[in-house]
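*Asks:* give me a model of this one.
(2 chains)
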Amino acid sequence: DTAVSQTPKYLVTQMGNDKSIKCEQNLGHDTMYWYKQDSKKFLKIMFSYNNKELIINETVPNRFSPKSPDKAHLNLHINSLELGDSAVYFCASSQRLQGAGANVLTFGAGSRLTVL
Amino acid sequence: DAKTTQPTSMDCAEGRAANLPCNHSTISGNEYVYWYRQIHSQGPQYIIHGLKNNETNEMASLIITEDRKSSTLILPHATLRDTAVYYCIVRASGGSNYKLTFGKGTLLTVNP
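*Replies:* The predicted structure is shown next:
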């Protein structure tokens, strides 16, 4: 039973389109994250949510809009896709935002987005 | 968060111990050392963390020097499946900086 699951695993789309990536965790964690890994393999945090509340927005363009309907789900919607959005997007979760367990993240398998 | 320095790459023979070093000379008293790894085409995976005592789990051992300025992750019997990028991260469990930041890590290649 996958702890952090993301869909879709692969996404190929044209510039200008709008797409969404979904993430679900069944660990009962309070905090969820989106990370982006570009072609140079740098892993950068984009957003974090704690109990459905936005905590971190790392100066990500507002074309990216995360949504957390409940604490087990954190979806990422991207409007007007650009070539530079091509990357692997990882969802992750941690038990809580602070304290013990805050820095032990469980990651999903990633969603590879290719913008043509 | 304290800065960490890791070698860019390392090689290890299959079946031998892999010792991955990490320098964190500016570590603060309340900061832990965390290790993650990322196998090719997979998401990062938590391995182990520690504050000042040595730690061991089913995946690895973590040795932290007495002055806490450096640490070593030990994979006791490396297998080909351990080929991955290993990230050493130093971070306090509290504070207002609610993010785990990954550096460039060490690419460990386990050779047959």
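*Asks:* ok, and the closest non-adjacent residue to the residue in chain A that chain B sits nearest to?
*Replies:* Closest residue of chain A to chain B, CB to the nearest CB: A:Phe107 (3.3 Å). No exception for glycine: its C-beta is placed from N, CA and C like everyone else's. Distances taken as CB to CB, 6 or more residues apart in numbering or on different chains place B:Gly43 nearest to A:Phe107, at 3.3 Å, with adjacent residues excluded.
*Asks:* right, and that neighbour touches A:Ser111 too?
*Replies:* No - applying CB atoms under 8 Å as the test, B:Gly43 and A:Ser111 come out as separate, 10.2 Å apart.
*Asks:* roughly how far apart are the closest residue to A:Asp70 other than its chain neighbours and A:Pro69?
*Replies:* Sequence neighbours aside, A:Lys52 is the residue nearest to A:Asp70 in space, at 6.4 Å (criterion: CB to CB, 6+ apart). Distance, A:Lys52 to A:Pro69, using CB to CB, to the nearest Å: 8 Å.
*Asks:* for A:Val4, see how far away A:Asp18 is.
*Replies:* Relative to A:Val4, and taking CB to CB, A:Asp18 is found at 24 Å.
*Asks:* who's more crowded, these two?
*Replies:* The residue with more neighbours, out of A:Asp18 and A:Val4, is A:Val4; 23 against 11, by other CB atoms under 10 Å in any protein chain shown.
*Asks:* bridged to that one, which residues?
*Replies:* Here A:Val4 sits in beta bridges with A:Gln25, going by DSSP bridges.
*Asks:* right, I'll leave it there.
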